[in-house]
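1. sequence and predicted structure, then a few things I'm wondering about:
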Amino acid sequence: MSRDHKKWLRIRGLVKFDENRDAKAQVFEEAPHLLNIYPKGKNDETFVTFFLENAKAMIFSITGEIGDVPIL
């Protein structure tokens, strides 16, 4: 939701879980503050990584404007 509450983003896709510990390690490298929540880091079984397959993002507005958002 935008600060003025007039626009919002919708993201959809098929969730795929990634069991690769390298993916988990990368998350903790890029966001080390997560270790406060998941102290075992990449070895924490309660922390999972995932990605969206065939993802699509769109931005909507109360004025009726709709736009596609590129996903990299």
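-> All right, it came through fine.
2. any chance you could map the strands in the protein?
-> Assigned by DSSP state E, the chain shows strands spanning 7-18, 49-61, 66-69.
3. out of these, nearest to F28?
-> Nearest of the strands of the chain to F28, taken as CB to CB: strand 49-61 at 10.2 Å. Any C-beta I mention is one placed from the backbone N, CA and C, and that applies to glycine too.
4. next, the buried residues of the closest one.
-> Residues T49 are the ones in strand 49-61 that count as buried (16 or more other CB atoms under 10 Å).
5. how far is that strand from where the chain is centred?
-> Centre-to-centre, strand 49-61 and its host chain are 8 Å apart (CA atoms, centre = their mean, to the nearest Å).
6. so which elements touch it?
-> strand 7-18, helix 21-30, strand 66-69 (3 or more CB pairs under 8 Å, 6 or more residues apart in numbering; DSSP states H and E).
7. looking at the first one now, give me its mean pLDDT.
-> The one in question is strand 7-18. Taken as a whole, strand 7-18 has a mean pLDDT of 94.
8. next: the shortest one.
-> Confidence over strand 66-69 (mean pLDDT, whole number) is 90.
9. ok, stretch 37-46 next?
-> Stretch 37-46 comes out at a mean pLDDT of 94.
10. which residues does it contact?
-> Taking contacts as CB atoms under 8 Å, 6 or more residues apart in numbering, the residues outside stretch 37-46 that touch it are 21, 24-25, 28, 35, 47.
11. counting neighbours, which of these comes out on top?
-> Among the contacts of stretch 37-46, K24 has the most neighbours (other CB atoms under 10 Å), with 20 neighbours.
12. for it, which non-adjacent residue is closest in space?
-> Here the nearest residue to K24 in space, its sequence neighbours aside, is K42; by CB to CB, 6 or more residues apart in numbering that works out to 3.9 Å.
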